[in-house]
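Asks: my questions concern the predicted model and sequence given below.
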Amino acid sequence: MPWSSSDDVEVLTFLPADQLNQWDLTAKFAVSTKEKTESGSIRWMLNSVEERLDILSPTGSVVAKVTVTDSVARLQTDAQESVAKDADILFREVMGTSFPVSALRFWIRGLEAPNLPLESIEKDGDGRITVLIQDGWRLTYNGNIAIESGSHRFEVPRRLTATRGEIEIRWASTEWQALDH
(Lines give C-alpha, C1' and ligand atoms only; values in the text may rest on other atoms or scores of the structure.)
Protein backbone atom coordinates (compact mmCIF):
# COMPACT_ATOMS: atom_id res chain seq x y z
CA MET A 1 0.00 0.00 0.00
CA PRO A 2 1.48 3.39 -0.94
CA TRP A 3 2.38 5.70 1.88
CA SER A 4 -0.14 8.49 2.37
CA SER A 5 0.28 11.65 4.36
CA SER A 6 -3.42 12.42 4.61
CA ASP A 7 -3.32 11.83 8.37
CA ASP A 8 -0.46 14.30 8.73
CA VAL A 9 -2.01 17.22 6.87
CA GLU A 10 -1.17 20.40 8.70
CA VAL A 11 -4.08 22.78 8.99
CA LEU A 12 -3.17 26.46 9.06
CA THR A 13 -5.42 28.62 11.18
CA PHE A 14 -5.87 32.19 9.95
CA LEU A 15 -5.65 34.63 12.82
CA PRO A 16 -6.57 38.30 12.71
CA ALA A 17 -3.64 40.69 12.27
CA ASP A 18 -4.29 42.21 15.70
CA GLN A 19 -3.02 38.93 17.20
CA LEU A 20 0.31 39.43 15.42
CA ASN A 21 1.97 41.48 18.14
CA GLN A 22 5.62 40.36 18.09
CA TRP A 23 7.66 40.42 14.89
CA ASP A 24 10.88 40.82 12.99
CA LEU A 25 10.08 42.92 9.94
CA THR A 26 12.09 44.38 7.10
CA ALA A 27 10.59 47.15 4.97
CA LYS A 28 11.61 49.80 2.46
CA PHE A 29 10.37 53.35 2.94
CA ALA A 30 10.42 56.78 1.35
CA VAL A 31 9.40 60.02 3.02
CA SER A 32 8.63 62.89 0.65
CA THR A 33 7.98 66.54 1.38
CA LYS A 34 7.83 69.51 -0.97
CA GLU A 35 11.55 70.08 -0.44
CA LYS A 36 13.05 66.57 -0.53
CA THR A 37 12.67 62.79 -0.45
CA GLU A 38 14.51 60.51 1.96
CA SER A 39 14.52 56.76 1.50
CA GLY A 40 16.00 53.65 3.01
CA SER A 41 14.91 50.55 4.83
CA ILE A 42 13.97 49.53 8.34
CA ARG A 43 14.48 46.36 10.33
CA TRP A 44 11.86 46.44 13.05
CA MET A 45 11.93 43.93 15.90
CA LEU A 46 9.09 44.03 18.40
CA ASN A 47 8.82 41.69 21.38
CA SER A 48 7.23 41.84 24.82
CA VAL A 49 10.24 43.63 26.37
CA GLU A 50 11.32 46.21 23.80
CA GLU A 51 10.98 47.50 20.30
CA ARG A 52 14.03 48.11 18.14
CA LEU A 53 14.17 49.81 14.77
CA ASP A 54 17.37 49.88 12.77
CA ILE A 55 17.11 52.55 10.08
CA LEU A 56 19.35 51.83 7.11
CA SER A 57 20.51 54.04 4.26
CA PRO A 58 19.80 53.03 0.64
CA THR A 59 23.26 51.42 0.63
CA GLY A 60 22.39 49.25 3.65
CA SER A 61 24.45 50.88 6.40
CA VAL A 62 22.76 51.56 9.75
CA VAL A 63 22.25 55.32 10.13
CA ALA A 64 20.14 55.24 13.29
CA LYS A 65 18.92 52.87 15.98
CA VAL A 66 15.69 53.46 17.85
CA THR A 67 14.93 51.50 21.01
CA VAL A 68 11.58 51.82 22.77
CA THR A 69 10.54 50.35 26.13
CA ASP A 70 7.56 51.11 28.36
CA SER A 71 9.41 54.02 29.94
CA VAL A 72 11.76 55.51 27.33
CA ALA A 73 12.44 55.96 23.63
CA ARG A 74 16.06 56.36 22.56
CA LEU A 75 17.52 57.34 19.17
CA GLN A 76 21.22 56.74 18.55
CA THR A 77 23.20 57.92 15.54
CA ASP A 78 26.95 58.35 15.07
CA ALA A 79 26.56 62.03 15.89
CA GLN A 80 24.08 62.09 18.74
CA GLU A 81 21.78 60.35 21.18
CA SER A 82 18.27 61.62 21.89
CA VAL A 83 15.91 60.40 24.59
CA ALA A 84 12.19 61.04 25.11
CA LYS A 85 9.27 59.55 27.01
CA ASP A 86 7.88 57.77 23.92
CA ALA A 87 8.49 57.32 20.19
CA ASP A 88 5.92 59.94 19.11
CA ILE A 89 7.61 62.66 21.21
CA LEU A 90 11.08 61.50 20.09
CA PHE A 91 10.11 61.72 16.41
CA ARG A 92 8.61 65.20 16.89
CA GLU A 93 11.71 66.47 18.73
CA VAL A 94 14.26 64.99 16.31
CA MET A 95 12.40 65.48 13.01
CA GLY A 96 10.58 68.70 13.86
CA THR A 97 7.29 67.30 12.56
CA SER A 98 4.50 65.28 14.07
CA PHE A 99 3.95 61.65 13.09
CA PRO A 100 2.07 59.07 15.16
CA VAL A 101 4.86 56.48 15.34
CA SER A 102 2.83 54.41 17.81
CA ALA A 103 0.00 54.20 15.22
CA LEU A 104 2.40 52.73 12.67
CA ARG A 105 2.38 49.47 14.69
CA PHE A 106 -1.29 49.12 13.75
CA TRP A 107 -1.25 50.70 10.30
CA ILE A 108 1.41 48.33 8.90
CA ARG A 109 -0.79 45.38 9.94
CA GLY A 110 -3.81 46.91 8.14
CA LEU A 111 -5.53 47.96 11.36
CA GLU A 112 -6.82 51.28 12.63
CA ALA A 113 -4.93 52.66 15.64
CA PRO A 114 -7.18 52.41 18.71
CA ASN A 115 -6.10 55.70 20.34
CA LEU A 116 -6.53 58.06 17.36
CA PRO A 117 -9.68 59.65 15.93
CA LEU A 118 -11.08 57.57 13.06
CA GLU A 119 -12.49 59.71 10.27
CA SER A 120 -13.21 57.16 7.53
CA ILE A 121 -12.59 53.53 6.65
CA GLU A 122 -13.12 51.56 3.41
CA LYS A 123 -12.82 47.77 3.17
CA ASP A 124 -12.73 45.27 0.32
CA GLY A 125 -15.05 42.27 -0.03
CA ASP A 126 -12.82 40.20 2.27
CA GLY A 127 -12.97 42.79 5.07
CA ARG A 128 -9.43 44.15 4.51
CA ILE A 129 -8.95 47.89 4.91
CA THR A 130 -8.16 49.53 1.56
CA VAL A 131 -8.38 53.20 2.63
CA LEU A 132 -8.15 54.53 6.17
CA ILE A 133 -8.36 58.17 7.23
CA GLN A 134 -7.21 58.61 10.81
CA ASP A 135 -5.90 61.62 12.72
CA GLY A 136 -5.65 63.60 9.47
CA TRP A 137 -3.58 60.87 7.74
CA ARG A 138 -4.91 59.17 4.61
CA LEU A 139 -3.62 55.61 4.31
CA THR A 140 -4.07 53.50 1.20
CA TYR A 141 -3.18 49.82 1.10
CA ASN A 142 -2.08 47.64 -1.79
CA GLY A 143 -1.27 43.90 -1.85
CA ASN A 144 -0.86 41.40 0.98
CA ILE A 145 1.78 39.19 2.56
CA ALA A 146 0.96 35.91 4.31
CA ILE A 147 3.02 35.15 7.42
CA GLU A 148 3.15 31.63 8.83
CA SER A 149 4.02 30.99 12.44
CA GLY A 150 3.68 27.35 13.42
CA SER A 151 0.11 26.39 12.60
CA HIS A 152 -1.00 30.02 12.55
CA ARG A 153 -1.14 32.28 9.55
CA PHE A 154 -1.54 36.05 9.40
CA GLU A 155 -2.18 38.29 6.43
CA VAL A 156 -0.82 41.83 6.45
CA PRO A 157 -0.59 44.57 3.81
CA ARG A 158 2.42 44.58 1.50
CA ARG A 159 2.30 48.30 0.62
CA LEU A 160 1.06 51.36 2.46
CA THR A 161 1.01 55.00 1.42
CA ALA A 162 0.32 57.57 4.16
CA THR A 163 -0.28 61.22 3.26
CA ARG A 164 -1.04 64.30 5.31
CA GLY A 165 -0.65 67.76 3.88
CA GLU A 166 2.65 67.89 1.99
CA ILE A 167 4.11 64.75 3.62
CA GLU A 168 3.91 61.39 1.85
CA ILE A 169 5.28 58.19 3.35
CA ARG A 170 5.54 55.08 1.18
CA TRP A 171 6.10 51.76 2.94
CA ALA A 172 6.73 48.34 1.38
CA SER A 173 7.03 45.36 3.71
CA THR A 174 9.56 42.97 2.22
CA GLU A 175 9.98 40.35 4.92
CA TRP A 176 7.86 39.50 7.97
CA GLN A 177 8.51 36.90 10.61
CA ALA A 178 6.14 36.36 13.52
CA LEU A 179 7.96 35.86 16.81
CA ASP A 180 6.66 33.47 19.44
CA HIS A 181 5.07 34.96 22.52
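Replies: Thanks, I have the structure now.

Asks: mind checking the SS state of residue 18?
Replies: Each residue gets one of three states, and residue 18 gets helix by DSSP: H, G, I helix; E, B strand; the rest coil.

Asks: OK, contacts around the residue lying closest to it once chain neighbours are set aside?
Replies: Leaving out its chain neighbours, the residue that sits closest to residue 18 by Cβ to Cβ, 6 or more residues apart in numbering is residue 111, at 5.7 Å. For glycine as for every other residue, the C-beta is placed from the backbone atoms N, C-alpha and C. Residue 111 is in contact with 17, 18, 129, counting by Cβ atoms under 8 Å, 6 or more residues apart in numbering.

Asks: quick check: phi and psi on residue 111?
Replies: Here is the backbone geometry of residue 111 (degrees, to the nearest 10): phi -120, psi 150.

Asks: now it: how far from residue 36?
Replies: 30 Å (Cβ to Cβ, to the nearest Å).

Asks: A helix includes residue 94, no?
Replies: Yes. Using three-state DSSP, the secondary structure at residue 94 is a helix.

Asks: and for it, nearest residue in space, chain neighbours not counted?
Replies: Here the residue nearest residue 94, using Cβ to Cβ, 6+ apart, is residue 82, at 5.4 Å.

Asks: pLDDT below threshold where in this protein?
Replies: Low-confidence segments of the chain (pLDDT under 70): 1-12, 181.

Asks: what about the helices in it?
Replies: Using DSSP state H, the helices of the chain run over 87-95, 101-107.

Asks: got the contact list for the shortest one?
Replies: The contact list for helix 101-107, computed with Cβ under 8 Å, 6+ apart, reads 46, 86-88, 90-91, 112-116, 132, 134-135, 137, 139, 160, 162.

Asks: selection in PyMOL covering whichever of those residues are buried, please.
Replies: Buried residues among these (16 or more other Cβ atoms under 10 Å), as a PyMOL selection:
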select buried, resi 46+87+88+90+91+112+113+116+132+134+135+137+139+160+162
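
Asks: inside strands: which ones of the contacts of helix 101-107?
Replies: 46, 132, 134, 137, 139, 160, 162 (DSSP state E).

Asks: list only buried entries from the contacts of residue 111.
Replies: 17, 129.

Asks: neighbours of the residue nearest to residue 94, how many?
Replies: 15 (other Cβ atoms under 10 Å).

Asks: which strand residues bridge it?
Replies: Bridge pairing for residue 82 (DSSP bridges) gives the partners residue 75.

Asks: relative to residue 55, which of the contacts of residue 111 is nearest.
Replies: In terms of Cβ to Cβ, no member of the contacts of residue 111 lies closer to residue 55 than residue 17, at 23.6 Å.

Asks: so which residue is dead centre in the chain?
Replies: Residue closest to the average C-alpha location in the chain (Cα atoms, centre = their mean): residue 108, at 3.8 Å.
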